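Student: task: produce atomic coordinates for the following.
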Amino acid sequence: MASDTFMIGGEFPVRRLGYGTAQLTGPGYWGPRGDPGDAVAVLRRAVDRGVTLIDTADNYGPSIAEELVAEALHPYPAGVLVATKGGVVRTGPDAWHIDGRPDRLRAMCEASLRRLRRETIDLYQLHRLDPRVPMAEQLGVLDELRGKGKIQQVGLDSVTAEQLLAADQLTSIASVQNRYHLLDRSSEPLLKLCEAHGIAFLPWFPLGNGELATDPVCAEIAAAHGATPAQIALAWLLHHSPVLCPTPGTGSLVHLEENLGATAVRLSGAELARLDGR
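Tutor: Down below sits the predicted model:
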């Protein structure tokens with residue numbers, strides 16, 4: 001398997017299997033989910049277990065996930081990278097509105113800094129490119145914020161390989177986030193570009209939003225390893241490319257331990273070939 005660490009932006013070394021916070025909010029990524037104390041416990045356990053990449057967003061909740069991250073982890077342990085996102089406005093469950101206007105992006109970043117109780121954000125990701133605003137203006141704001149020390153690294157979410165190439169001409173891009181998992185590899189060209197440029201790829205829905213739990217090939221290989229299908233799906237990502245940094249989310253301590261157990265799975269060449277053929 002490739003190294004279990006990756007250097008994001010050539011600056012921040014992280015364990016490749018991270019933790020995502022979307023599942024700490026309610027249905028439709030709206031409102032709280034259960035007892036906030038449970039969420040705090042999961043976040044703290046993740047870091048205790050060696051997770052150093054925490055992925056969140058201002059619109060999870062909205063605001064709730066960032067606040068939980070700060071409650072659980074501030075003052076932040078050395079070596080923990082907190083990534084957040086801006087550029088999307090929420091008006092209700094599963095209601096998402098892209099807004100990449102410069103003034104809004106500045107305000108969103110400042111609000112994230114307050115909620116996270118940070119002076120600078122390690123990795124700030126544009127949650128969506130706004131088609132109504134020139135890319136140069138959106139990335140120009142992030143460059144401006146970086147120049148002021150508000151953010152350290154810039155990332156993009158849900159882009160094409162062509163958009164990444166264009167963005168990389170405007171500013172240094174440290175990461176991308178796109179949908180990618182064993183049964184959905186439509187972003188493979190983007191992954192190859194990330195490999196060529198040393199850009200981290202944080203796949204969202206790395207477990208197929210639960211779909212992979214019932215995949216027969218995953219189940220068969222899992223049985224041979226005394227593992228779960230979810231662990232095999234995560235292990236495949238870790239084997240498949242050295243730039244893949246999955247951040248599966250959960251609000252359950254049990255599922256957290258299951259996900260983190262994927263790092264112990266070593267897939268054989270034959271098993272990888274079977275999974276690659278899915």
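
Student: please count neighbours and contacts with C-alpha atoms only from this point.
Tutor: Noted.

Student: would you agree residue 149 falls within a helix?
Tutor: No. Assignment of residue 149 by DSSP: H, G, I helix; E, B strand; the rest coil gives coil, placing it outside any helix.

Student: would you mind measuring from it to residue 59?
Tutor: For residue 149, the distance to residue 59 (Cα to Cα, to the nearest Å) stands at 22 Å.

Student: show me which of these two is the more surrounded one.
Tutor: residue 59 (25 against 13; other Cα atoms under 10 Å).

Student: looking at it, the more buried one is touching residue 88, isn't it?
Tutor: Yes. Assessed by Cα atoms under 8 Å, residue 59 is found in contact with residue 88 at 6.8 Å.

Student: go through stretch 27-42 and flag the buried ones.
Tutor: 29, 30, 31, 32, 33, 36, 39, 40, 42 (16 or more other Cα atoms under 10 Å).

Student: which one among those residues gets closest to residue 179?
Tutor: residue 29 (16.7 Å; Cα to Cα).

Student: can you name the two of the buried residues of stretch 27-42 that are farthest apart?
Tutor: Applying Cα to Cα across the buried residues of stretch 27-42, the maximum distance is between 30 and 42, 18.9 Å.

Student: and the strands in the protein?
Tutor: Per DSSP state E, the chain carries strands over the ranges 5-8, 12-15, 19-20, 53-55, 81-86, 88-92, 95-98, 121-126, 151-157, 175-177, 200-201.

Student: could I get those strands as JSON lines with mean pLDDT?
Tutor: As requested, those are arranged in JSON lines below (pLDDT from 0 to 100):
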{"stretch": "strand 5-8", "mean pLDDT": "98"}
{"stretch": "strand 12-15", "mean pLDDT": "97"}
{"stretch": "strand 19-20", "mean pLDDT": "98"}
{"stretch": "strand 53-55", "mean pLDDT": "98"}
{"stretch": "strand 81-86", "mean pLDDT": "98"}
{"stretch": "strand 88-92", "mean pLDDT": "97"}
{"stretch": "strand 95-98", "mean pLDDT": "96"}
{"stretch": "strand 121-126", "mean pLDDT": "98"}
{"stretch": "strand 151-157", "mean pLDDT": "98"}
{"stretch": "strand 175-177", "mean pLDDT": "98"}
{"stretch": "strand 200-201", "mean pLDDT": "98"}
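
Student: please identify the most buried of those strands.
Tutor: For the strands of the chain, the largest average neighbour count (mean count of other Cα atoms under 10 Å) is found in strand 200-201, namely a mean of 28.

Student: contacts for it?
Tutor: Residues from elsewhere that reach strand 200-201 (Cα atoms under 8 Å, 6 or more residues apart in numbering): 6, 8-9, 174-178, 191, 194, 243-246.
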